[in-house]
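S.K.: no sequence for this one, just the structure:
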């Protein structure tokens, strides 16, 4: 039992389970999944489907945070990648041709890789603090996304492209498979090769890592490139889901949700250790929270207040100073009578 | 012989003059005192917020909650004045106290529990923005005579140009901050803590008090900016001032403040805000350029200034070594 509680996934999973059960009180058929036209429908599937972009962005954010960095530009990259893909498709002659959709996807992915590379070079090459380095792209990226869409919302009608966000494979939404693939690749690369260890080592102490022969710079650049790639794919899913690109609002606040998901998942902001599975559950908790708030009928904007308290509580629990202070109070808690007894004993 | 630490500020002032000169050459009617005053009128709230942010960044921290704090201030003022009929003379001190208390609380959490300022103020940002919606989901328009007078009164300067009352408030804040930063014990402690917290502690400086006061001051500034913003917009709304935290950080960085803390000038921040204003003005004068170019140019400037800072600090380290 004690080992179970100590496991890093215990608390995130417990919170998620509590949230899901709470939903059950409001809508008794919350857990029911029905098959209609060969597709699975249900609240749980919706949570997975709508949570897909957030999980992706949070996965990228996890490895960045593991190196004691942070990537604030993900929201902008989400917007840029969606805008680029939609622009390319809207320029094409036959919007339904698969070739055009693939070209658009390829272009958007390349662009997001390049944006990730830019962040990585700023952080590792120029040695700028990650918050600041990625802040540049966060500010300028919104402008670039609006530049691509000329400030308008580009609507497209491409069947192959909309498959990413709305299509389904084996009765499940296709986006879930995209997430599973990215998660699989990330987990394989970081847990089955030494790469994960390198990332944690760089997060703990970049200088010491370099001295023992790890190429800190390459590791740093690659985590930002990975984060850019994840954000780019998330942008594709989001824009294909609504068959349009909005440079202004797509991916707004995503960086904050992603950081929140990573922190809930147990990854420390101080770098040095990371949990990909924890992040996935963290993102699912956030998505469930949003769903819950819709189910209860509270205005969705109030989610922000709830999130604020979640961030604060999670960070306080993670803070060693806070834990020590509480523990100290616990240990030095003396009742007057107890003191009397011990004195006379 | 100029001190090297003033170099980023000089670059900022030079850039401002250059941009202004370029605008004056290119457009008719650009070269006038009123254009500069308009920069201040439109950016008074940004200037006040940026002054508070300068202290936070100089102390080595960051405050992401400023934009939400502005929105919360507009919302609380609008709700109390308009829906509950409170007199503005009570509401304005009340919201200022609220902002300061909010900042104080964040500062206390940051200091006593050693959580990164970034994440604590992020929670503060969520909280303040969410509280706006708890008050109301819609815009509350203000037609209280005091607020409309404050919004419409134009102060005539010698020479016939006019400024709004907000500008005067902003300038008073800048002057007070200049005094606070360079001539008081508090200001020196802030610089010392930003330079090295460990050394400041060993020197016997009051770390806890100074750090918490810095965030309290930033909270006060952002709620004052919220009051000014209320004069400017005459309404309270939860979506007011979205993204102001980024504009503010950009203004502070362009003003030559080092993000690692310890180096920075309130005067530089003043020009950082003016540069943002000039970019917006040039883009509106150009007519064919769209508003998103503002973001791209500010991003570029941010990049150049951060690079400049890196180069300067790298050179400084070499100079120490040799």
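M.R.: It's in. Since this is a predicted model, take the numbers as computed values, not measurements. Residues are numbered from 1 along each chain as shown, chains lettered A, B, ... in the order given.

S.K.: is the stretch of helix or strand residue A:308 belongs to anywhere near chain B?
M.R.: Mapping residue A:308 onto the secondary structure by DSSP states H and E places it in helix A:303-318. Yes: judged by Cβ under 8 Å from any Cβ of the partner chain, helix A:303-318 comes into contact with chain B at A:303-309, A:311-312, A:315-316, A:318. C-beta: built from backbone N, CA, C; applies to glycine.

S.K.: Please convert those residues to CSV, extending it with neighbour count and pLDDT.
M.R.: Formatted as CSV, the residues of helix A:303-318 next to chain B follow (neighbours: other Cβ atoms under 10 Å in any protein chain shown; pLDDT from 0 to 100):
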residue, neighbour count, pLDDT
A:303, 21, 77
A:304, 22, 79
A:305, 19, 83
A:306, 18, 81
A:307, 23, 78
A:308, 23, 81
A:309, 13, 83
A:311, 24, 75
A:312, 21, 81
A:315, 21, 76
A:316, 17, 79
A:318, 18, 69
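
S.K.: Closest to residue A:275 out of those?
M.R.: Closest approach between the residues of helix A:303-318 next to chain B and residue A:275, by Cβ to Cβ: residue A:318, at 12.6 Å.

S.K.: so after the helix holding residue A:308, what's the next helix or strand?
M.R.: Scanning the chain past helix A:303-318 towards its C-terminal end, the next helix or strand to appear is helix A:320-331 (assignment: DSSP H and E).

S.K.: tell me the angle of that next one relative to helix A:303-318?
M.R.: For the pair helix A:320-331 and helix A:303-318, the angle between their directions (axes from the mean of the first three to the mean of the last three Cα atoms, to 10 degrees) equals 70 degrees.

S.K.: Now helix A:320-331: buried residues?
M.R.: Going by neighbour count (16 or more other Cβ atoms under 10 Å in any protein chain shown), the buried part of helix A:320-331 is residue A:322.

S.K.: so what secondary structure elements neighbour the helix holding residue A:308?
M.R.: Under the contact criterion of 3 or more Cβ pairs under 8 Å, 6 or more residues apart in numbering or on different chains; DSSP states H and E, helix A:303-318 touches helix A:254-264, helix A:276-296, helix B:88-113, helix B:117-135.

S.K.: One more pass at 6 Å, please.
M.R.: Where contact means 3 or more Cβ pairs under 6 Å, 6 or more residues apart in numbering or on different chains; DSSP states H and E, helix A:303-318 is packed against helix A:254-264, helix B:117-135.

S.K.: I'd like to know how many residues surround the residue of chain B found nearest chain A.
M.R.: Of the residues in chain B, the one nearest chain A is residue B:299, at a distance of 2.4 Å by Cβ to the nearest Cβ. Residue B:299 is surrounded by 23 other residues when neighbours are defined as other Cβ atoms under 10 Å in any protein chain shown.

S.K.: pretty sure it is touching residue A:141, no?
M.R.: No: in this structure, residue B:299 is not within contact of residue A:141 by Cβ atoms under 6 Å, at 7.5 Å.

S.K.: rewinding a little: can you add distance to residue A:159 and give the residues of helix A:303-318 next to chain B back as JSON lines?
M.R.: Putting these into JSON lines (distance: Cβ to Cβ, whole Å) gives the following:
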{"residue": "A:303", "distance to residue A:159": "34"}
{"residue": "A:304", "distance to residue A:159": "37"}
{"residue": "A:305", "distance to residue A:159": "41"}
{"residue": "A:306", "distance to residue A:159": "38"}
{"residue": "A:307", "distance to residue A:159": "36"}
{"residue": "A:308", "distance to residue A:159": "41"}
{"residue": "A:309", "distance to residue A:159": "43"}
{"residue": "A:311", "distance to residue A:159": "40"}
{"residue": "A:312", "distance to residue A:159": "45"}
{"residue": "A:315", "distance to residue A:159": "45"}
{"residue": "A:316", "distance to residue A:159": "49"}
{"residue": "A:318", "distance to residue A:159": "46"}
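
S.K.: Residues of the stretch 101-250 of chain A that sit close to chain B?
M.R.: The stretch 101-250 of chain A comes close to chain B at residues A:126, A:128, A:132, A:136, A:139-140, A:142-143, A:146-147, A:151, as judged by Cβ under 6 Å from any Cβ of the partner chain.

S.K.: ok, now which ones touch residue 290?
M.R.: Assuming you mean chain A. With contact taken as Cβ atoms under 6 Å, 6 or more residues apart in numbering or on different chains, residue A:290 is in contact with residue A:303.

S.K.: that's the wrong chain, I wanted chain B
M.R.: Each residue near residue B:290 by Cβ under 6 Å, 6+ apart is listed here: residue A:151.

S.K.: Okay, and it sits in which element?
M.R.: Taking DSSP H and E as the definition, one finds residue B:290 inside no helix or strand.

S.K.: pLDDT score assigned to it?
M.R.: Per-residue confidence for residue B:290 comes out at a pLDDT of 73.

S.K.: One more: residue B:322?
M.R.: Note on residue B:322: pLDDT of 40.

S.K.: can you map out the helices along chain B?
M.R.: Secondary structure of chain B, counting by DSSP state H: helices at B:7-26, B:33-58, B:66-78, B:88-113, B:117-135, B:145-152, B:165-183, B:185-195, B:197-202, B:207-233, B:244-254, B:266-286, B:292-321.

S.K.: which of the ones you listed sits most buried?
M.R.: For the helices of chain B, the stretch with the most neighbours on average is helix B:66-78, a mean of 29; neighbours defined as mean count of other Cβ atoms under 10 Å in any protein chain shown.

S.K.: For chain A, tell me whether that helix is touching it.
M.R.: No: using Cβ under 6 Å from any Cβ, helix B:66-78 stays clear of chain A, coming no nearer than 8.7 Å.

S.K.: Show the average pLDDT along that helix.
M.R.: Averaging the model's pLDDT scores along helix B:66-78 yields 92.

S.K.: Please name every helix or strand in contact with that helix.
M.R.: The elements that helix B:66-78 packs onto, with contact taken as 3+ Cβ pairs under 6 Å, 6+ apart, are helix B:88-113, helix B:117-135, helix B:207-233, strand B:235-236, helix B:244-254.

S.K.: Save these as TSV, and put in mean pLDDT and distance to residue A:98 too.
M.R.: Conversion of the helices and strands packed on helix B:66-78 to TSV gives the following (pLDDT from 0 to 100; distance: least, Cβ to Cβ, whole Å):
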stretch	mean pLDDT	distance to residue A:98
helix B:88-113	92	52
helix B:117-135	87	42
helix B:207-233	92	49
strand B:235-236	85	50
helix B:244-254	87	39
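
S.K.: Columns distance to residue B:157 on top of the ones you listed, output as TSV?
M.R.: Putting those into TSV (distance: least, Cβ to Cβ, whole Å) gives the following:
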stretch	distance to residue B:157
helix B:88-113	25
helix B:117-135	35
helix B:207-233	19
strand B:235-236	28
helix B:244-254	24
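
S.K.: hmm, back to that, could you dump the helices of chain B to a markdown table with distance to residue A:120?
M.R.: Rendered in a markdown table, the data for the helices of chain B read as follows (distance: least, Cβ to Cβ, whole Å):
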| stretch | distance to residue A:120 |
| --- | --- |
| helix B:7-26 | 26 |
| helix B:33-58 | 24 |
| helix B:66-78 | 28 |
| helix B:88-113 | 29 |
| helix B:117-135 | 20 |
| helix B:145-152 | 47 |
| helix B:165-183 | 36 |
| helix B:185-195 | 27 |
| helix B:197-202 | 29 |
| helix B:207-233 | 31 |
| helix B:244-254 | 21 |
| helix B:266-286 | 27 |
| helix B:292-321 | 15 |
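
S.K.: Need the nearest residue in space to the residue of chain B closest to chain A, chain neighbours excluded.
M.R.: residue A:140 (2.4 Å; Cβ to Cβ, 6 or more residues apart in numbering or on different chains).

S.K.: quick revisit: mind checking which of the helices of chain B is nearest residue A:244?
M.R.: Comparing these under Cβ to Cβ, the one sitting nearest is helix B:292-321, at 17.8 Å.

S.K.: Tell me which other helices or strands the closest one touches.
M.R.: Using 3+ Cβ pairs under 6 Å, 6+ apart as the contact criterion, the elements in contact with helix B:292-321 are helix A:130-148, helix B:244-254, helix B:266-286.
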